[in-house]
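**Student:** give me coordinates for this.
(one chain, ligands or ions: 2)
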Amino acid sequence: MFPTKELPAAASSFFSAYASVAATTMLVRSTLNQFIPQPVRSYLHSLLRRYLFAPPSSTTLSLIIDHYYTSGFAPNQLFEAAEIYLSTKIGSSTNRLRISKTPRQKNLTVTIDNGQVISDKFDDVMLTWRVGDIVDPIGTQKQQQQKRHLELTFKKEFKDKVLDSYLPHVLERAAQIKNQERVLKLYSHHCPFNYDDKQEGGRGFWGSVKLEHPSTFETLAMDPAMKKAIVEDLDRFVRRKEFYRRVGKAWKRGYLLYGPPGTGKSTLVAAMANYLKFDIYDLELSSVNSNQDLRRALLSTSNRSILVIEDIDCSAESMDRRSTQDNHLQNFDYIGKPSRKLSLSGLLNCIDGLWSSFGDERIIVLTTNHKEKLDPALLRPGRMDVHINMSYCSPQAFKLLASNYLGLPHTCPHPFYREVHGLLDTTEATPAEVAEELMKTDDPTLALQGLASFLKRKRLPQLEENQIKEDQQCHQKKFKSS
Ligand SMILES: Nc1ncnc2c1ncn2[C@@H]1O[C@H](COP(=O)(O)OP(=O)(O)OP(=O)(O)O)[C@@H](O)[C@H]1O
Ligand SMILES: [Mg+2]
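**Tutor:** Ligands and ions are numbered 1, 2, ... in the order given. Below you'll find the predicted structure:
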């Protein structure tokens, strides 16, 4: 610090003049702050900054992305995507954020507040995003919101790269983030209509609840090769949009899951939904009265969804089977005359006839305990793309269940494994039965002992039954040859 008396006179008078200007400025600012509301102040401030202090550079280009189209009704998809994308770019230079959450979201949405600037880099192109700093202070909150915009600035020479590569990248990343954030829904005829269903314009036939099934492909016990094949099939399906368009096929895929009760058919459907982030529509055919109702129900399902019809053998039994052969009746359906009953042909039409071609990225899953009981029309080649046999618990599947339920490592087998494997090879036990035994205690040794004795008890009647069958076959052979 310099002692004031040692300063030259000119400097001293400069400082006293500066001090009085600063004091006046502070007084004016505090008076203005008192009388001018904050939105108006920030509006004036932004105008000054925009037009006085930031003259447009001749080497840079700015793209303005409005929140709403000029008509003001529909939100601009690019704005919404950019907001999501920018939320992943929040750095230390950002000092004001907006936070919100809708009922359909798992986590909070964090967006950048007005006036903030964010830098980004894409393939060595430097980009600057400025979050809409012109807020119209006059008007309702909705009108103000409609005037929000983003300004993207970069060197002019990169215009094509930004338009052709960077912005599509922003859209894609935002779609991925949004997808991860989605709360999955289980739609059913029996679910009550809730706030979300109304928000979405009402799904008519369907009410929904959150799909909170924890099943994933990691926890699903089945033959590892088959599991891998299913995951690859799903991956191929979702990335083949162009392929389906090119070959003129509706972008949908059908899976028929068959096997005894408790082998994981419903669990697999939940794993598929969690993997793809698709909603599930659980269709009970008993709640559908006619082909027309069925079409209406299907038309009100959304894209990126799985339509499940469980126990199709039981449902198909109660349908009007005559119409499978009756093409005349089927034609009536096409031209919109309501057939009074739900028929198998009506269902097949929705699976792979003309009515199946609406919408995109749709999966249909039929499940059954009795594949042999299904109408051949449902089984004919090409009807359901993939048939998956969900079978009894194999030693491989058991290892995964033991690891999930008892925390036993794959690498270091428990001494009881050998016995359990041997029993599983000769006993028909479902993964549900094995899982139930493993849940009975936390102690791995006791749990495996319990499972082994369960399998032995189960095996005896099966062995006896097999013996009887073998004897009968032997007897028949002898009878034929004599
Ligand atoms: N493959 C599996 N992997 C992991 N858990 C399984 C498997 N199969 C069955 N389970 C367990 O058993 C329970 C019942 O299985 P699930 O409902 O999927 O059988 P399902 O084949 O659909 O039977 P149903 O034919 O009676 O509908 C599940 O909640 C799950 O805990
Ligand atoms: Mg089931």
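
**Student:** CA only for contacts and neighbour counts going forward, please
**Tutor:** Will do.

**Student:** what's around Ala429, how many residues?
**Tutor:** When neighbours are defined as other Cα atoms under 10 Å, Ala429 has 22 of them.

**Student:** okay, it: pLDDT?
**Tutor:** With respect to pLDDT, Ala429 scores 95.

**Student:** quick one, what contacts it?
**Tutor:** Neighbouring residues of Ala429 by Cα atoms under 8 Å, 6 or more residues apart in numbering: Tyr392, Cys393, Leu455, Lys458.

**Student:** ok, which residues in the protein are in contact with ligand 1?
**Tutor:** 219-222, 260-267, 369, 431-432 (Cα under 6 Å from any ligand atom).

**Student:** now the strands for the chain?
**Tutor:** Taking DSSP state E as the criterion, the chain contains strands spanning 60-66, 97-100, 109-112, 117-122, 125-131, 149-155, 185-188, 207-210, 252-258, 279-282, 305-309, 362-368, 386-389.

**Student:** please report phi then psi for the nearest residue to Phe398 once chain neighbours are set aside.
**Tutor:** Excluding the flanking residues, the one nearest Phe398 by Cα to Cα, 6 or more residues apart in numbering is Ala221, at 7.0 Å. Here is the backbone geometry of Ala221 (degrees, to the nearest 10): phi -90, psi 110.

**Student:** now do the contacts for Leu78.
**Tutor:** Ile65, Leu171.

**Student:** relative to ligand 1, how far out is it?
**Tutor:** For Leu78, the distance to ligand 1 equals 41 Å [Cα to the nearest ligand atom, to the nearest Å].

**Student:** repeat for Leu446
**Tutor:** 20 Å.

**Student:** same question for Glu284.
**Tutor:** Taken as Cα to the nearest ligand atom, the span from Glu284 to ligand 1 is 13 Å.

**Student:** pull the CA atoms of stretch 94-111 into CSV?
**Tutor:** Only the C-alpha atoms of stretch 94-111 are listed here, as CSV (Å, rounded to 0.1, in the frame of the first residue of the first chain):
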residue,chain,number,x,y,z
THR,A,94,-21.0,-23.2,-16.4
ASN,A,95,-22.4,-21.5,-13.3
ARG,A,96,-26.1,-21.7,-13.7
LEU,A,97,-28.2,-24.8,-14.4
ARG,A,98,-31.9,-25.6,-14.8
ILE,A,99,-33.2,-28.8,-13.2
SER,A,100,-36.5,-30.6,-13.9
LYS,A,101,-38.1,-34.1,-14.0
THR,A,102,-41.1,-35.6,-15.7
PRO,A,103,-43.0,-38.6,-14.4
ARG,A,104,-41.5,-40.7,-17.3
GLN,A,105,-38.0,-40.0,-16.3
LYS,A,106,-35.8,-41.9,-13.9
ASN,A,107,-33.3,-39.1,-13.1
LEU,A,108,-33.3,-35.3,-13.0
THR,A,109,-32.8,-33.4,-16.2
VAL,A,110,-30.1,-30.9,-16.0
THR,A,111,-30.1,-28.1,-18.7
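
**Student:** picking up where we left off before, show the pLDDT at the residue nearest to Phe398.
**Tutor:** 95.

**Student:** list the buried residues for the longest helix anywhere in the chain?
**Tutor:** Looking across the chain with DSSP state H, the single longest helix is helix 444-481. Buried residues in helix 444-481, defined by neighbour count with 16 or more other Cα atoms under 10 Å: Pro444, Ala447, Leu448, Gln449, Gly450, Leu451, Ala452, Phe454, Leu455, Lys456, Arg459.

**Student:** where do the helices sit along the stretch 151-300 of the chain?
**Tutor:** Secondary structure of the stretch 151-300 of the chain (DSSP state H, counting those that start in this stretch): helices located at 159-161, 167-181, 195-199, 224-239, 241-247, 265-276, 291-299.

**Student:** and the ones you listed, which is most packed in?
**Tutor:** Each of the helices of the stretch 151-300 of the chain was scored by mean neighbour count; the highest is helix 265-276, a mean of 21, by mean count of other Cα atoms under 10 Å.

**Student:** pLDDT averaged over stretch 367-383, what's the number?
**Tutor:** 88.

**Student:** quick one on the thing from earlier: tell me the one among the buried residues of helix 444-481 nearest to ligand 1.
**Tutor:** Of all the buried residues of helix 444-481, ligand 1 sits closest to Leu451, with 15.0 Å by Cα to the nearest ligand atom.

**Student:** which parts of stretch 369-377 are buried?
**Tutor:** Asn369, Lys371, Leu374, Asp375.

**Student:** no, scratch that, I was asking about stretch 432-442
**Tutor:** Quick answer for stretch 432-442 (16+ other Cα under 10 Å): Ala432, Glu433, Val434, Ala435, Glu437, Leu438.

**Student:** which pair in those spans the largest distance?
**Tutor:** For those, with distances taken as Cα to Cα, the pair at the greatest spread is Ala432 and Leu438 (9.9 Å).

**Student:** shared neighbours, the two?
**Tutor:** With Cα under 8 Å, 6+ apart, Ala432 and Leu438 have no common neighbours.

**Student:** sketch out the low-pLDDT regions of the stretch 201-350 of the chain for me.
**Tutor:** 201-204, 316-340 (pLDDT under 70).

**Student:** JSON lines for the strands of the chain, including mean neighbour count?
**Tutor:** JSON lines is the format used below for those (neighbours: other Cα atoms under 10 Å):
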{"stretch": "strand 60-66", "mean neighbour count": "17"}
{"stretch": "strand 97-100", "mean neighbour count": "12"}
{"stretch": "strand 109-112", "mean neighbour count": "19"}
{"stretch": "strand 117-122", "mean neighbour count": "15"}
{"stretch": "strand 125-131", "mean neighbour count": "18"}
{"stretch": "strand 149-155", "mean neighbour count": "19"}
{"stretch": "strand 185-188", "mean neighbour count": "21"}
{"stretch": "strand 207-210", "mean neighbour count": "19"}
{"stretch": "strand 252-258", "mean neighbour count": "22"}
{"stretch": "strand 279-282", "mean neighbour count": "24"}
{"stretch": "strand 305-309", "mean neighbour count": "23"}
{"stretch": "strand 362-368", "mean neighbour count": "23"}
{"stretch": "strand 386-389", "mean neighbour count": "16"}
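
**Student:** closest to ligand 1 among the buried residues of stretch 432-442?
**Tutor:** Of those, the one sitting nearest to ligand 1 (Cα to the nearest ligand atom) turns out to be Ala432, at 3.4 Å.

**Student:** the closest one and Thr263 touch, don't they?
**Tutor:** Yes - contact criterion Cα atoms under 8 Å: Ala432 and Thr263 qualify, at 6.3 Å.

**Student:** circling back: from the residues of the chain next to ligand 1, which two are the most distant?
**Tutor:** Thr219 and Asn369 (22.0 Å).

**Student:** now do the contacts for Thr128.
**Tutor:** With Cα under 8 Å, 6+ apart, Thr128 has these contacts: Val117, Ile118, Ser119, Asp120, Glu151, Leu152, Thr153, Phe154.

**Student:** same thing but at 10 Å, please
**Tutor:** Ser62, Val117, Ile118, Ser119, Asp120, Lys121, Glu151, Leu152, Thr153, Phe154 (Cα atoms under 10 Å, 6 or more residues apart in numbering).
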